[in-house]
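> generate a structure from the sequence data that follows.
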Amino acid sequence: MSDTKTSLVQSIKSHVNVWFNNQLKKRKHSETSITLTHKNIYILPSKFGMAYLISNVLVYVLGINYQNNLVIMFSYLMFSFLLVNFIVAFINLYNLKVSLSHTVAGYQHTGYFAYFQLVNKDGTTSLEVSGDHIRSQFIDSIEETTQKLELQFNIANRGLHSLPRLKLFSHYPFGLVTTWSYFVPEKKTYVYPTPLSFSFHQVSQAEIESDSQSQSNQATVSENYQGVRPYIDGDKVNRISWKHYAKHQVLATKDFSSGSISEYEFSLQTVPGNLEQKLQHLSYLVTHAENENLRYSLVLPHAKVDLGSGTPHMTKCLEELSNV
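Sure, this is the predicted structure:
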């Protein structure tokens, strides 16, 4: 019952969030960069400001009841001070330009990163940036010199994600008012499966035989094959002789002459675990192969990445793993 209630609440929040983002897009909060003006700056009294306003009303009522002009004038002065706070707070955020510089894809255990640039030739003081999946950031002052802001979005779900809505707000100058605006960056980035190494003893006999038959996750080499030798810690994953292991239950490494060229095919069918674990294992194999400057391909149920190497190739493989 509690799970159903929780899922219902999350569904409602999701729909409200989508509706609210659509409204913000209509007010031009959704761009790669925005400049804050009277069209997209909002101001209301803060909690402290509401207490101040209520106190002002009580002072005014007191002055009216006792027909004391001095008390009434004091209440007018208090109200005028609040109005000045509204004006100063608006000027503080006016002309602030916020731009999305770039994003860096990450893994499930780290999330992804987004980099922003903030500049205001008129100056902005005491700005805070908050949003979903991030820790609020406080910026003391922003001037003509471009200020860089790095945000880490802690999103544990793999896949392609849109950057969430950011709230830019300030309680400047005296905390009596809250001035804020929103920024909905038009950018998407990936969260890759966390690389997870695995022991060869996790692979079942059936998987070993299947691996031997399909030659997946095996090296395709030149004809300079010299046999097998005992396994040594640090040997590359795909040089393990699974056929030898299946017969003798002893790990051995295929030995090639120095002139051999290795090519690897990583397949979802030949790594152990459930779907998420398989994807994490493949993420580990891809990143490890790239670090070793090897050529490799990736075979998935509904996608295939041809043989290659290099950072763009690794990125393509990791994106396909994220999309499974």
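> what about residue 146, distance to residue 117?
Going from residue 146 to residue 117 by CB to CB, to the nearest Å gives 5 Å. (Glycine included, C-beta is placed from N, CA and C.)
> now residue 159, nearest residue through space, not along the chain?
Leaving aside its chain neighbours, residue 159 sits nearest to residue 322 (5.2 Å; criterion: CB to CB, 6 or more residues apart in numbering).
> actually residue 115, not the one I typed
Using CB to CB, 6+ apart, the closest residue to residue 115 is residue 101 (4.3 Å).
> next, count neighbours for that neighbour.
Residue 101 has 14 neighbours, counted by other CB atoms under 10 Å.
> about what we covered before: surely the residue nearest to residue 159 is within a helix?
Yes: looking at residue 322 with DSSP: H, G, I helix; E, B strand; the rest coil, it is inside a helix.
> okay, now it: neighbour count?
Neighbour number of residue 322 under other CB under 10 Å is 21.
> check contacts around it.
The contact partners of residue 322, taken as CB atoms under 8 Å, 6 or more residues apart in numbering, are 158, 159, 160, 190, 191, 192, 193.
> can you check residue 32 too?
By CB under 8 Å, 6+ apart, the neighbours of residue 32 are 99, 100, 185, 186, 187.
> can you show me the strands along the stretch 151-300 of the chain?
159-162, 166-170, 177-183, 188-192, 219-220, 225-230, 252-256, 263-267, 295-300 (DSSP state E, counting those that start in this stretch).
> residue 159 contacts residue 191, doesn't it?
Yes: Residue 159 lies in contact with residue 191 (CB atoms under 8 Å); the separation is 6.3 Å.
> the two: who's more crowded?
residue 191 (24 against 15).
> ok, that one - contacts?
Counting by CB under 8 Å, 6+ apart, residue 191 has contacts 105-108, 111-112, 155-159, 161, 322.
> beta partners of it?
residue 106, residue 159 (DSSP bridges).
> how close does it get to residue 31?
In terms of CB to CB, residue 191 sits 23 Å off from residue 31.
> so which strand or helix has residue 78?
For residue 78, the element it lies in under DSSP states H and E is helix 69-93.
> tell me how many other residues crowd residue 119.
17.
> can you list the weak-confidence ranges in the stretch 101-250 of the chain?
Low-confidence segments of the stretch 101-250 of the chain (pLDDT under 70): 198-239, 242-250.
> all helices of it, in order?
205-214, 242-248 (DSSP state H, counting those that start in this stretch).
> circling back: out of the strands of the stretch 151-300 of the chain, the one nearest residue 35 is which?
Nearest to residue 35, of all the strands of the stretch 151-300 of the chain, is strand 177-183, at 10.1 Å by CB to CB.
> mind listing what the residue nearest to residue 115 touches?
115, 116, 117, 148.
> so which of the strands of the stretch 151-300 of the chain is nearest residue 55?
strand 177-183 (15.3 Å).
> just checking, what packs against the closest one?
Applying 3 or more CB pairs under 8 Å, 6 or more residues apart in numbering; DSSP states H and E, one finds that strand 177-183 makes contact with strand 42-45, helix 69-93, strand 166-170.
> and the angle from that strand to helix 69-93?
20 degrees (axes from the mean of the first three to the mean of the last three CA atoms, to 10 degrees).
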